[in-house]
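Student: I need the structure of the sequence given here:
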Amino acid sequence: MKGLISVFDLKKDEVEEILRLAKEFKEGRKEKIEASAVLFFAEPSTRTRLSFEKSARELGIETYNVSSSESSTVKGESFYDTLKTFEGLGFEYVVFRVPFVLFPYESIVNSLDLRLINAGDGTHQHPSQGLIDLFTLKEHFGEVKGLKILYVGDIKHSRVFRSGVPLFTMFGAQVSVSGPKTLIPRDIEVFKVERVFDNVDEGIEWADVVIWLRLQKERQKDNFIPSETSYFRQFGLTKERYKKVKYYMHPGPVNRNVDIDYDLVYTEKSLIYMQVKNGIHVRKAIYRFLWNG
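Tutor: Model prediction:
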């Protein structure tokens, strides 16, 4: 593969190869790749950008950070021309995060001599996070087949949801959702979810693991909820719900007392810190997997 833009481009054996590499890296595999990478982040990021940078450096890949405000995109240059410039400068990888949806993307990927890695494009895809969540669940539960996974929150704007569901169902998990009706996509049936829970407490009782999602206020042009306080009471991980939930995750950043109670982000039931730590190993695996291509 010349790039990783969407999880829909991955076959099951390719996903298994990435997970195998991630496991080996976590167990201490050492490897060096003589290459250079541009990290082009046009949206704010802590976990994703730093883990892509740290994993690259541990592999010996030279990294160069570019924000949109520092690039010629502020002068009107197209994203394609920016990528073409990176190609001309001799970079092998470009990791990008952009506020728009990159679709269709096949012609861009095929016309450039670059390994493109999508670190989040609009509300479309975030493939590395989907792979991290899959790796984390396989590591924790041993098997994903038959696992009941519930996404809660802003499903409508979530690229994490759109990346995770295809991977989880590929490996035999059942996926359901819960959230305000205004934040459930109208075409939710295309994702082949098991159920849409209007009552999050019923969903929590159904699920083996719950993935809470952040309210993406920066993408919400309308008022989708009455208030953050009422949203938290209806759908957030409160101390009362904590008693019923088995395990939970969150791709970050967590809005405390909106998504999850302030005191509950890191507990014995939380896999959030494990997600962060696994980000290094999975993103190393992505670099290595694409290097073969």
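
Student: When you work out contacts or count neighbours from here on, use the C-alpha atoms and nothing else.
Tutor: Will do.

Student: Show me where the stretch 101-250 of the chain has its strands.
Tutor: Using DSSP state E, counting those that start in this stretch, the strands of the stretch 101-250 of the chain run over residues 115-121, 148-152, 174-178, 196-197, 209-212, 248-249.

Student: can you list those in a markdown table and add mean pLDDT?
Tutor: Output for the strands of the stretch 101-250 of the chain, formatted as a markdown table (pLDDT from 0 to 100):
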| stretch | mean pLDDT |
| --- | --- |
| strand 115-121 | 98 |
| strand 148-152 | 98 |
| strand 174-178 | 98 |
| strand 196-197 | 98 |
| strand 209-212 | 98 |
| strand 248-249 | 98 |
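
Student: So which of those is nearest I132?
Tutor: Of all the strands of the stretch 101-250 of the chain, it is strand 248-249 that lies closest to I132, at 11.2 Å by Cα to Cα.

Student: Provide the contact partners of stretch 97-110 at residue level.
Tutor: Under the contact criterion Cα atoms under 8 Å, 6 or more residues apart in numbering, stretch 97-110 has outside partners 2-3, 5, 40-43, 80, 116, 118-124.

Student: returning to what we had before: any idea which of the strands of the stretch 101-250 of the chain is most buried?
Tutor: strand 148-152 (a mean of 26; mean count of other Cα atoms under 10 Å).

Student: Okay, now the sheet partners of that one, with direction.
Tutor: Here strand 148-152 is paired, per DSSP bridges, with strand 174-178 (parallel), strand 209-212 (parallel).

Student: Turn the strands of the stretch 101-250 of the chain into a markdown table, columns for distance to E24.
Tutor: Shown next, in a markdown table, are the strands of the stretch 101-250 of the chain (distance: least, Cα to Cα, whole Å):
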| stretch | distance to E24 |
| --- | --- |
| strand 115-121 | 21 |
| strand 148-152 | 26 |
| strand 174-178 | 27 |
| strand 196-197 | 37 |
| strand 209-212 | 25 |
| strand 248-249 | 23 |
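
Student: Out of those, which is closest to I61?
Tutor: Of all the strands of the stretch 101-250 of the chain, it is strand 115-121 that lies closest to I61, at 12.9 Å by Cα to Cα.

Student: which other helices and strands contact that closest one?
Tutor: strand 3-4, strand 93-98, helix 127-141 (3 or more Cα pairs under 8 Å, 6 or more residues apart in numbering; DSSP states H and E).

Student: got the contact list for Y266?
Tutor: So Y266 contacts I272, Y273 (Cα under 8 Å, 6+ apart).

Student: number of nearby residues for T73?
Tutor: A count of nearby residues for T73, using other Cα atoms under 10 Å, gives 15.

Student: just checking, it is part of a helix?
Tutor: Yes - applying DSSP: H, G, I helix; E, B strand; the rest coil, one finds T73 inside a helix.

Student: Please report how far it lies from S45.
Tutor: As judged by Cα to Cα, to the nearest Å, T73 and S45 stand 19 Å apart.

Student: do R115 as well
Tutor: Taking Cα to Cα, one finds R115 at 21 Å from S45.

Student: G252 sits in which helix or strand?
Tutor: For G252, there is no helix or strand it lies in under DSSP states H and E.

Student: Now it: closest residue in space, sequence neighbours ignored.
Tutor: R214 (7.3 Å; Cα to Cα, 6 or more residues apart in numbering).
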